[in-house]
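sequence first, predicted coordinates after that:
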Amino acid sequence: MDNTNSSSSMLDGQSLLATQQSTMDCNEPSTSTNTRKKMFSTLPISRVNQIIRSCPNLTTVKKDAIVLTSMAAELFLQDLIKNVYKLSPDKANLTYNILADFIAKPEYSFLHEAIPQKITVRQYEELKRQNELDFDNDQEDSP
């Protein structure tokens, strides 16, 4: 008798689940429509494709990988700008200097070369002179 009660309650649970799923299906667009909306990226796929294919080590890249890379880049940029905006003293204007200061953090070290902090010509000339001196010292030290 226990088996009959448990199997009937299991069937009731399955019918309840089926009813909930059919109700959800009526209220929401199809999964393929949701997927298509979620896969839309504002970054041009052709440009992302061109950047990916510029890597000499890659021989083949599937279209799905290009689309996902585009979406990941877009999400990264949205998160980056949101964080820069939070720390910005002037919410009306996000400037290069604010972005460069934010990217100076260690967790964004991979972007330091792409978005360096601005320096004056005098600072550049001093850095150049220092690098030349370091290079000359290295040349003298080597046999």
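Cool, got the structure.

need the contact list for the nearest residue to residue 43 once chain neighbours are set aside.
Once flanking residues are discounted, residue 43 sits nearest to residue 70: 4.8 Å by CB to CB, 6 or more residues apart in numbering. The way it works is simple: take the backbone N, C-alpha and C, and place the C-beta from them, glycine included. Neighbour list for residue 70: 41, 43, 45, 48 [criterion: CB atoms under 8 Å, 6 or more residues apart in numbering].

identify the residue with the minimum pLDDT among these.
Minimum pLDDT for the contacts of residue 70 is recorded at residue 41 (72).

now do residue 68 against residue 90, distance only.
35 Å (CB to CB, to the nearest Å).

okay, the two: which has more neighbours?
Ranked by neighbour count (other CB atoms under 10 Å), residue 68 and residue 90 place residue 68 first, with 14 against 8.

can you read off the pLDDT for that one?
Note on residue 68: pLDDT of 92.

how about the one 3 residues further on?
According to the predicted model, the pLDDT of residue 71 comes to 93.

pretty sure it sits against residue 41.
Yes: with contact defined as CB atoms under 8 Å, residue 71 counts as touching residue 41 (5.0 Å).
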